[in-house]
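just a sequence and a predicted model for now, questions to come.
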Amino acid sequence: MYMINNKYYYLKRIKDKKKNLDLLLLADPEEEAIDKYINDCKVFEFYYRDILIGQGAIMQLSSTTYEIKNFAIYEKFHNCGYGKILINLLCKKYLESFKNIEILVGTSEQGVSFYKKCGFQFSHIIKDFFITNYKQPIFENGIQCKDMFYLKFKGVNMENFAYYTPTKVVFGKDEEKNVGKLAKEFGAKKVLIHYGGGSAVRSGLIDKIKTSLTEENISFIELGGVKPNPRLSLIYEGIKLAKENSVDFILAVGGGSVIDSAKGIGYGVANPDIEDVWDLYIGKKKTEKCAPIGVVLTIAAAGSEMSGGSVVTKEDEQLKRSYGCDNARPKFAIMNPELTYTLPKYQIACGVVDIMMHTMERYFSPVGNLELTDKIAEGLLKTMIKYGKLSLENPTNYEARAEIMWASSLAHNGLTGCGGIGDWSTHQLEHDLGGVYDIAHGAGLSAVWGSWARYVYKENPRRFAQFAENVFGIEKVGTDEEMAIKGIEAMENFYKEIEMPISISETGINLSDEDVEMLAEKCSNNGTRYIGSFKKLFKEDMAKIYSMAR
C-alpha cells in the first residue's frame with residue numbers, strides 16, 4: 001500500500017495467463033471489483049514494444065536487461081490519473097532502468113507536460129491511433145485520448161561496457177612465415193589447417209604454412225573446401241576429423257567464412273557434451289568453451305579475425321545464424337596486406353561494404369553523444385571511403401590494402417561501439433537473404449541498407465544528419481530530416497561507385513510478395529522475435545523493408 005496525496009492506494013499484481021504477463025494495477029483500497037476491470041481489458045497483439053503507460057494503457061516490458069520484467073500497467077479509466085501516480089512510483093525506483101528506452105504513451109496533449117516533468121522527451125506522435133487500429137473501447141468508459149506519443153527518457157548517454165581484445169595481431173609483409181612460432185607460443189601440438197578454395201594452395205601459401213609448422217615440430221592435418229556463407233556440413237566434417245586426430249589447435253587460412261567455420265569446429269572440439277553444434281547457433285545451447293584458433297588472414301572484410309562471432313549456414317533449412325563468445329576470439333591473427341592482392345574487385349568491394357556496415361551497425365545506436373567513440377567510427381568510415389576506391393583502382397596498392405585490412409579488424413573487435421547499443425538489423429535481414437539465396441554477404445548488406453535507413457531514420461533524424469555531415473562532409477543546410485536523406489543518398493552513391501547493389505533486384509534476385517513474407521517469417525523466427533535497437537523491427541516491419549529493398 002502506498003500513501004499518495006494523503007490517500008492510500010494498492011499496487012496489486014495480477015497474472016494474465018493468456019499473454020504470460022504480470023500486471024500491475026493501482027487502485028483505491030475500497031475498490032471491490034478490481035479483477036473485473038482486468039477481465040474486461042483487451043490485450044492487443046500490437047503491444048510487443050517496451051512499456052506503455054498512461055490512459056487505458058497496456059504494455060509488456062520484455063527485455064532481460066531491465067530490472068522490471070514482464071509487466072503491464074493498467075488504468076481503470078481514462079480520467080482517473082492512476083497512470084500518473086504509478087509512473088511516479090516507478091520513476092522514483094526504476095528511473096535508470098528506463099534510460100534511452102523507447103516508451104509508448106497514450107494520453108492527451110495536455111498530459112504531455114506531466115511526462116516531460118518526469119524527464120522524458122517526445123520524438124513523434126501517432127495520430128488517431130485508437131480510432132485507426134481498434135474499433136472497440138478498451139475499458140467500459142471508453143478511451144477519450146486518441147493519440148499515442150513516443151517518448152524517451154533522457155538518461156545517461158554512455159552505456160556501461162566491457163572492451164576485451166585478446167587477439168595478438170602480427171601485421172606486415174611476410175609475417176605468415178612466422179605462423180609456426182606463433183602456434184607454438186599458444187601451445188599447439190597438432191594443428192588442423194582449415195582453408196577455402198584452391199587459391200591458398202595454388203599461391204603457395206599453404207606450403208609456406210606447412211613449412212613453418214614443421215620447423216617448430218608441430219604436426220598437422222588439412223581440411224579445405226570452405227565456401228562463402230560457410231556450411232554446417234563442412235563444420236561437422238571438421239569436428240569429426242579433429243577429434244579422430246586429437247587436434248588441439250585450429251589454424252584458419254582465409255577470410256571471414258574460413259574463420260567462422262574454424263570457430264564452429266572449435267566449438268565442437270571443445271564441447272563433447274554438445275551433441276549438435278548447430279544448437280549453439282539456434283539458441284538451444286550455450287558455451288564459453290572453444291578450441292584455440294589462429295588466423296592467417298587473406299581477405300579483409302568480416303573482422304572475424306578479432307571478434308568472437310561466427311555465422312554459419314545450415315544448407316538443408318536455408319538458415320543462416322550466428323553465435324559468439326569471447327573464447328572464440330582467435331589467439332593470434334597474421335595480417336599481410338600482400339596476401340589480398342589477388343582478390344577479384346567484386347570481392348574487395350564486398351569487403352569494403354562489410355567493414356563499413358560493422359561500424360554503422362554500432363554507430364546508429366539509440367544511445368546519443370558518444371563523442372570519442374563516434375569520432376573513431378566516423379574516422380574509420382571516411383578511411384574506407386577513401387581507400388576503398390583506391391584499392392579498387394589498384395588492388396596491389398599496399399597502402400590502400402593495409403588501411404583496409406586494419407580497418408576490417410577495428411570495425412568488428414568492439415572498439416567502434418564502446419558505450420553504445422548496436423542495432424544489427426541490416427545484418428539480420430541479410431542473413432536470411434543470404435541463407436536462402438546464397439548471395440555474397442557484402443552485396444546483400446548494401447542491397448538492404450538504404451531501405452532500412454529510410455524506414456528508421458525518423459526515430460532520430462539528428463543521428464543520420466550527423467552521419468551526413470561528419471562522414472560525407474555534407475554542408476548543414478535544411479532540417480535534420482533533409483540532412484538525413486542526403487546522408488542516406490550519399491552512402492548509396494558510394495555503393496554505386498564501387499559497383500555494389502543498392503536493391504535486391506540488382507543482385508539478380510526478384511522477390512515476389514510470397515518471397516517477402518517468407519523472408520520476414522524466417523528473420524522473425526516465425527514471428528517470435530524482433531530485431532534492432534535504433535528502431536525495434538517486428539515481422540511486419542521486416543516485410544516492409546524487404547519489399548522496399550526489392
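Here it is on my side, so go on.

could you use CA atoms for every contact and neighbour count after this?
Noted.

tell me the contacts of L297?
Each residue near L297 by CA atoms under 8 Å, 6 or more residues apart in numbering is listed here: 252-255, 305, 333-336, 339.

from the residues you listed, which ones fall inside strands?
With DSSP state E as the criterion, strands contain 252-254, 333-335 from among the contacts of L297.

possible to save those residues as JSON lines with distance to D374, neighbour count and pLDDT?
Output for the ones in strands among the contacts of L297, formatted as JSON lines (distance: CA to CA, whole Å; neighbours: other CA atoms under 10 Å; pLDDT from 0 to 100):
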{"residue": "A252", "distance to D374": "32", "neighbour count": "30", "pLDDT": "98"}
{"residue": "V253", "distance to D374": "32", "neighbour count": "27", "pLDDT": "97"}
{"residue": "G254", "distance to D374": "30", "neighbour count": "24", "pLDDT": "96"}
{"residue": "A333", "distance to D374": "26", "neighbour count": "27", "pLDDT": "98"}
{"residue": "I334", "distance to D374": "28", "neighbour count": "25", "pLDDT": "98"}
{"residue": "M335", "distance to D374": "26", "neighbour count": "27", "pLDDT": "98"}
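
what is the nearest of the residues you listed to R454?
Closest approach to R454 among those (CA to CA): G254, at 34.9 Å.

let me know the pLDDT of the closest residue to that closest one other than its chain neighbours.
Excluding the flanking residues, the one nearest G254 by CA to CA, 6 or more residues apart in numbering is T298, at 4.7 Å. pLDDT recorded at T298 is 96.

can you pull the contacts of T298?
253-255, 335-337, 339-340 are the contacts of T298 under CA under 8 Å, 6+ apart.

what of F220?
With contact taken as CA under 8 Å, 6+ apart, F220 is in contact with 190-193, 210, 213.

what's the farthest-apart pair in the residues you listed?
Maximum distance among the contacts of F220 (CA to CA): 12.0 Å, for K190 and K210.

centroid residue for the chain?
Per CA atoms, centre = their mean, the C-alpha nearest to the average position across the chain is that of W424, at 2.3 Å.

and the contacts of T298 as JSON lines, adding distance to E469?
Below are these laid out as JSON lines (distance: CA to CA, whole Å):
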{"residue": "V253", "distance to E469": "39"}
{"residue": "G254", "distance to E469": "36"}
{"residue": "G255", "distance to E469": "33"}
{"residue": "M335", "distance to E469": "33"}
{"residue": "N336", "distance to E469": "34"}
{"residue": "P337", "distance to E469": "31"}
{"residue": "L339", "distance to E469": "35"}
{"residue": "T340", "distance to E469": "32"}
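
so which of the residues you listed is the closest to N526?
Closest to N526, out of all of the contacts of T298 and judged by CA to CA, is G255, at 31.6 Å.

quick revisit: could you dump the ones in strands among the contacts of L297 into CSV and include distance to G478?
Below are the ones in strands among the contacts of L297 laid out as CSV (distance: CA to CA, whole Å):
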residue, distance to G478
A252, 50
V253, 49
G254, 46
A333, 46
I334, 47
M335, 44
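
quick one: F186 and P330 touch, right?
No. Applying CA atoms under 8 Å, one finds F186 not in contact with P330, separated by 10.7 Å.

and those two? Which one has more around it.
In terms of neighbours (other CA atoms under 10 Å), P330 is the more surrounded of F186 and P330; the figures are 29 against 14.

which strands or helices does the longest helix anywhere in the chain pack on?
If you go by DSSP state H, the chain has its longest helix at helix 371-393. Applying 3 or more CA pairs under 8 Å, 6 or more residues apart in numbering; DSSP states H and E, we find helix 371-393 packed against helix 345-363, helix 398-411, helix 461-472.

deepest in the core, which of these is it.
Counting by mean count of other CA atoms under 10 Å, helix 345-363 has the highest mean neighbour count of these, with a mean of 24.

so what's the gap between that one and the chain middle?
14 Å (CA atoms, centre = their mean, to the nearest Å).

quick one: that helix to helix 461-472, angle?
Angle, helix 345-363 to helix 461-472, by axes from the mean of the first three to the mean of the last three CA atoms, to 10 degrees: 140 degrees.

that older thread, between the contacts of T298, which sits nearest E403?
Nearest member of the contacts of T298 to E403, counting by CA to CA, is P337, at 8.7 Å.

number of residues surrounding that closest one?
26.

same check on E237?
The local packing of E237 (other CA under 10 Å) involves 12 other residues.

how near is it to E288?
22 Å (CA to CA, to the nearest Å).

just K177 next, same as before
31 Å.

ok, those two, which is more surrounded?
Between K177 and E288, K177 has the larger neighbour count (other CA under 10 Å), namely 17 against 12.

doesn't S212 make contact with that one?
Yes. K177 lies in contact with S212 (CA under 8 Å); the separation is 6.0 Å.

now do the strands in the stretch 151-300 of the chain.
For the stretch 151-300 of the chain, the strands defined by DSSP state E, counting those that start in this stretch cover 168-171, 190-195, 219-223, 249-254, 293-297.
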